[in-house]
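Novice: I would like to see how this sequence folds:
(one chain, ligands or ions: 1)
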Amino acid sequence: CVASPTALATSGDSSSSPAPMAQSAVVDVNPPRGTRDFPPEEMRLRSWLFDNFREVSRSMAFEEVDFPVLESEALFIRKAGEEITQQLYNFEDKGGRRVVLRPEITPSLARLVIKQGKSVSLPLKWFTIGQCWRYERMTRGRRREHYQWNMDIFGMPKVRAEAELIQAIVLLFERLGITSSDVGIRLSSRKVLQAVLDMYSVPQHLFTQVCVIVDKLGKLSREEIEKELISTGLSSEAVQGIIEVLSLKSLDKLEEVLGSGVEAVADLKKLFSFAEQYGYADWICFDASVVRGLAYYTGIVFEAFDREGELRAICGGGRYDRLLSTFGTEDVPACGFGFGDAVIVELLKEKGLLPDLSRQIDDIVFPLDEELEGPASSVASSLRKKGRSVDLVEDKRLKWVFKHAERINASRLILVGKSEWERGMVRVKILSTREEFEVKAGELQ
Ligand SMILES: Nc1ccc(Br)nc1
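Specialist: Residues are numbered from 1 along each chain as shown. The predicted structure follows:
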């Protein structure tokens, strides 16, 4: 819709409202299709969620990093048919460079690790919260941007990395009031699929393509999956073998099928043993169908899901030990996850766990007439320097100021009046108790 030019709404006295804007060409005041604005209330919720992301990252001794949202397209050119690379928000800049609004964070992390080279000591534990983009067809009407919290460990080849990352995810859920009855984390390893492909002598170059197809289990029908697998050149025996193994939900059964001593089983057993020690065993379950849809995963993969099965995956991640060599340098073992800002909020709404995030201001300072605007400035400034949040209000009637104080949940109203100020005093009203008293302006805390 297109907004019509109207006087900007000013709450309160008519005397202070600006003249209506001149009639002029109107812009569409909505943000671009698939993107969101964050007005104050939504921004408070987003900041609350991100503060929780940051607090978990801090507790895990991860360092925050950041990179441009704009990246070279070359970072995301992969041939495995992933949805993420089919929907690149890509374009040519004015310098003729092929660039993208990044669809994910991991390649930027890898690029920065490579750039830092020998100047960093491993393992690296990095986190970031960043906006990611996709160019969805107009028809789908889905969002084209979201914010993702990413935590990644570089240089930790053992399953400890996965165990640490899963603890971070569980800590976040627990901070938000979500329990293991609400959410589970299903996990497997791409080495399971690798072992099956080896059993059927499937050529290695098909591995990532098969992973991307199999990741659609649960989204596409079994027939469609089988058809896509056959189209890659797999034999029907191999397709049946894959489907059969990926339907397993028991590690013991998996070991029966793959044989003992298989690396995938050993990794997973180690992770389940860690889970007991970390105290999050009731959050996780083995599910051989979990492969995740990103081409570069090479080992354990995991995703959090709501047990009522209403929503898409809440977060997901895994090990990617061979991503750096695809950028032309030596590999560094790596593992990480991405946690979007949208599904989690849907889940919190469903569980009635959204926090009360109404505004809260410490003080309103209000000069009772124009000649006291100066003294009101020094009162407000002094309180701010002491760490108080202060809303300095003027040109309003007192009735409006009281309503405003209620709206912003102010704790105190500091009235700067002529007679009081001449005695070096100000009048303080405690809004919760209506208590009122005078205080020396210089001693106001
Ligand atoms: N990768 C990606 C980017 C943006 C959105 Br919305 N979803 C997924």
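Novice: spell out which parts of the chain neighbour the ligand.
Specialist: Applying Cβ under 6 Å from any ligand atom, we find that the chain lies next to the ligand at 84, 103, 104, 132, 133, 134, 143, 144, 145, 146. Using the backbone N, CA and C atoms, a C-beta is placed for each residue, glycine as well.
Novice: again, only using 8 Å
Specialist: Neighbours of the ligand within the chain, by Cβ under 8 Å from any ligand atom: 34, 84, 87, 103-104, 132-134, 136, 142-146, 148, 340, 342.
Novice: which of those count as buried?
Specialist: Neighbour-count burial (16 or more other Cβ atoms under 10 Å) applied to these gives 34, 84, 87, 103-104, 132-134, 136, 144-146, 148, 340, 342.
Novice: residue 313 contacts residue 302, correct?
Specialist: No. Under the criterion of Cβ atoms under 8 Å, residue 313 is not in contact with residue 302, lying 9.8 Å apart.
Novice: helix, strand, or coil at residue 331?
Specialist: coil (DSSP: H, G, I helix; E, B strand; the rest coil).
Novice: residue 186 belongs to a strand?
Specialist: Yes. Under three-state DSSP, residue 186 sits within a strand.
Novice: run a quick neighbour tally on the nearest residue to it once chain neighbours are set aside.
Specialist: Using Cβ to Cβ, 6 or more residues apart in numbering and skipping the chain neighbours, the partner closest in space to residue 186 is residue 287 (3.9 Å). Neighbourhood size, residue 287 [other Cβ atoms under 10 Å]: 19.
Novice: residue 287: what's it in contact with?
Specialist: Shown here is residue 287, whose contacts under the criterion Cβ atoms under 8 Å, 6 or more residues apart in numbering are 186, 187, 188, 249.
Novice: and which of these is nearest residue 161?
Specialist: Using Cβ to Cβ, residue 187 is the member of these that lies nearest residue 161, at 13.2 Å.
Novice: just to check, that closest one is in contact with residue 305?
Specialist: No. Counting by Cβ under 8 Å, residue 187 stays clear of residue 305, with 11.1 Å between them.
Novice: returning to that earlier point: could you list which of the residues of the chain next to the ligand belong to helices?
Specialist: Using DSSP state H, the subset of the residues of the chain next to the ligand located in helices is residue 84.
Novice: which ones among the residues of the chain next to the ligand map onto strands?
Specialist: 132, 133, 145, 146, 148, 340 (DSSP state E).
Novice: most widely separated two among those residues?
Specialist: The distance between the two most remote of those (Cβ to Cβ) is 12.4 Å, for 133 and 340.
Novice: thinking again about what came up before, among the buried ones among the residues of the chain next to the ligand, which has the minimum pLDDT value?
Specialist: Model confidence across those bottoms out at residue 136, which has 87.
Novice: now for that residue: which residues touch it?
Specialist: Contacts of residue 136 were listed using Cβ under 8 Å, 6+ apart, and they are 34, 87, 142, 143, 144.
Novice: which helix or strand contains residue 150?
Specialist: strand 145-154 (DSSP states H and E).
Novice: residues of whichever helix or strand comes after that strand that come out buried?
Specialist: Scanning forward in sequence from strand 145-154 by DSSP H and E, the next helix or strand is helix 160-176. Residues 161-173, 176 are the ones in helix 160-176 that count as buried (16+ other Cβ under 10 Å).
Novice: residue 212: which of those residues is nearest?
Specialist: For those, the closest approach to residue 212 (Cβ to Cβ) belongs to residue 162, at 21.1 Å.
Novice: ok so, going back, among the contacts of residue 287, who's most crowded?
Specialist: These, ranked by neighbours (other Cβ under 10 Å): first place residue 188, 28 neighbours.
Novice: so what's the closest residue to that one other than its chain neighbours scoring on pLDDT?
Specialist: In this structure, residue 188 finds its nearest non-sequential neighbour in residue 290, 4.3 Å apart by Cβ to Cβ, 6+ apart. Residue 290 carries a pLDDT value of 94.
Novice: and residue 290, what does it touch?
Specialist: Taking Cβ under 8 Å, 6+ apart as the contact definition, residue 290 lies against 186, 187, 188, 301, 302, 303.
Novice: so the fourth one sits in a strand?
Specialist: Yes. Membership of residue 301 in a strand is supported by three-state DSSP.
Novice: quick revisit: among the contacts of residue 287, which one sits closest to the ligand?
Specialist: Among the contacts of residue 287, residue 186 lies closest to the ligand (Cβ to the nearest ligand atom), at 19.8 Å.
Novice: report how many residues lie close to residue 184.
Specialist: Neighbours around residue 184, by other Cβ under 10 Å: 17.
Novice: wait, doesn't it sit right on residue 281?
Specialist: No. Counting by Cβ under 8 Å, residue 184 sits too far from residue 281 to count as a contact (11.5 Å).
Novice: ok so, going back, now the buried residues of helix 160-176 as TSV including pLDDT?
Specialist: Formatted as TSV, the buried residues of helix 160-176 follow (pLDDT from 0 to 100):
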residue	pLDDT
161	98
162	98
163	98
164	98
165	99
166	98
167	98
168	99
169	99
170	98
171	98
172	98
173	98
176	98
